[in-house]
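Engineer: Return atomic coordinates for the entry below.
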Amino acid sequence: MSSGERFWPARLRWRMRGALQWPAFVLFTLLDGIVISALPPALIEEPNLIVGVLAATFGNLVLIGAVAPFLAGRLARRDRLDTTARELLQDRIAAIALAIGLAACLVSGLANRPVIVSETEATEEVGRELRAYVERSGSEELRRNLETANTIRLSEGFFRTCIARDDRRRYFCLFIDTEKDPTEVRRDPSAEPNAGFAAPDPTRAR
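Structural biologist: The predicted model follows:
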């Protein structure tokens, strides 16, 4: 067998050893998407699997297409590697970068978790306070229309929630401050719905 005939099988085996990045890309993109949908970072407002996979796809393509080649080029020049060795090195760096990206998604999602839990607890508190206020008010109109309640967040822990009147043109609104202990509930004299409401200065509104 000639040296050329021996060269190509050897090169093929060498390349096969380095064929990690694209299988890793598929695997880590799916895992990243699952993590992002379950533990969304702060920048993802409406997380789901599709949004997570799309975000992961973009990020992982940057890792494979830009970060890995840059790092591999720097190391290859330093160690004076030939083209084949550089390709193998780039492949391994890409796989490692994808694994680091998954870890970053986990850390970012876990760091944002307390914020999500806190916000959920605050909105649940708003719902409880609204129902309690309506029950105390003795107003049959408010009780009839409780299902029309709409809430917006004006600042951290500070909400405006409105219930439509029978004519659906006027609204009964409350300011609810969950940051205070006990939670403060105040009537807003404005009958303007939340859709057109201009938020006041939170420090003045409180």
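
Engineer: for the protein, what's the longest helix?
Structural biologist: Looking across the chain with DSSP state H, the single longest helix is helix 83-137.

Engineer: tell me what the helix or strand following it is packed against?
Structural biologist: Next helix or strand after helix 83-137 toward the C-terminus (DSSP states H and E): helix 140-144. Packing partners of helix 140-144 (3 or more Cβ pairs under 8 Å, 6 or more residues apart in numbering; DSSP states H and E): helix 83-137. From N, CA and C alone the C-beta is placed, and that goes for glycine too.

Engineer: if you set the cut-off to 10 Å instead, what comes out?
Structural biologist: Where contact means 3 or more Cβ pairs under 10 Å, 6 or more residues apart in numbering; DSSP states H and E, helix 140-144 is packed against helix 83-137, strand 158-164.

Engineer: Report the angle between the longest helix of the chain and strand 158-164.
Structural biologist: 60 degrees (axes from the mean of the first three to the mean of the last three Cα atoms, to 10 degrees).

Engineer: What's the mean pLDDT across helix 83-137?
Structural biologist: Average pLDDT, helix 83-137: 81.

Engineer: Distance from the chain centre to it, please.
Structural biologist: In terms of Cα atoms, centre = their mean, to the nearest Å, the centre of helix 83-137 is set 5 Å apart from its chain centre.

Engineer: Ok, stretch 126-142 next?
Structural biologist: Put simply, stretch 126-142 sits 34 Å off its chain's centre (Cα atoms, centre = their mean).

Engineer: who's in contact with residue 77?
Structural biologist: Contact analysis of residue 77 by Cβ atoms under 10 Å, 6 or more residues apart in numbering lists residue 86.

Engineer: before we move on, which element is it in?
Structural biologist: helix 68-79.

Engineer: list the buried ones in that helix?
Structural biologist: By neighbour count on 16 or more other Cβ atoms under 10 Å, the buried set for helix 68-79 is 68, 71, 72, 76.
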